[in-house]
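# Attaching a predicted model along with its sequence, questions to come.
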Amino acid sequence: GVEGAMKFGVYEALKPISQKIIDSKAVAFLVASVVAGAVAAVLLCPMESTRIRLVSDPKFGKGLLDGLPKLIREEGLMSTF
């Protein structure tokens, strides 16, 4: 899914960067993996919160592009995490 694709993409992009900064290849890959997971979670949490709201209240909005701004406006950005 989207989460796996994001994690993989960020991980692959960060591997060479982390290897330049960290001497141990294993630690560099571990750091890249942790950061990739965190980035995916931060980007996907608002979308998942919106999806749950739309499923539980179909009148809330028409979809993600309509529901996410409404959710942030009504409850604040931090409500999506």
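Received the coordinates, thanks.
# So the most far-flung residue of the chain relative to its centre: helix, strand or coil?
No residue in the chain sits farther from the centre than Asp23, which is 28.0 Å out by CA atoms, centre = their mean. The three-state label given to Asp23 by DSSP: H, G, I helix; E, B strand; the rest coil is coil.
# And it, its phi and psi?
Main-chain dihedrals, Asp23, degrees, to the nearest 10: phi -70, psi -40.
# Mind pulling the model confidence for it?
pLDDT, Asp23: 95.
# Let me know the distance separating it from Val35.
For Asp23, the distance to Val35 (CB to CB, to the nearest Å) stands at 18 Å. All C-beta atoms are positioned from the backbone trio N, CA, C, and that covers glycine.
# Likewise for Phe60?
Separation of Phe60 from Val35 (CB to CB): 33 Å.
# Contacts only, for Ser24.
Applying CB atoms under 8 Å, 6 or more residues apart in numbering to Ser24 gives no contacts.
# now do Glu3
Glu3 sits next to 40, 44 when contact means CB under 8 Å, 6+ apart.
# which stretch of helix or strand covers it?
Secondary structure from DSSP states H and E places Glu3 in helix 2-21.
# buried sites along that helix?
6-7, 10-11, 14-15, 18-19 (16 or more other CB atoms under 10 Å).
# Output these as JSON lines; include the columns pLDDT and distance to Arg73.
Conversion of the buried residues of helix 2-21 to JSON lines gives the following (pLDDT from 0 to 100; distance: CB to CB, whole Å):
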{"residue": "Met6", "pLDDT": "87", "distance to Arg73": "25"}
{"residue": "Lys7", "pLDDT": "92", "distance to Arg73": "29"}
{"residue": "Val10", "pLDDT": "94", "distance to Arg73": "29"}
{"residue": "Tyr11", "pLDDT": "96", "distance to Arg73": "33"}
{"residue": "Leu14", "pLDDT": "96", "distance to Arg73": "33"}
{"residue": "Lys15", "pLDDT": "97", "distance to Arg73": "38"}
{"residue": "Ser18", "pLDDT": "97", "distance to Arg73": "37"}
{"residue": "Gln19", "pLDDT": "96", "distance to Arg73": "42"}
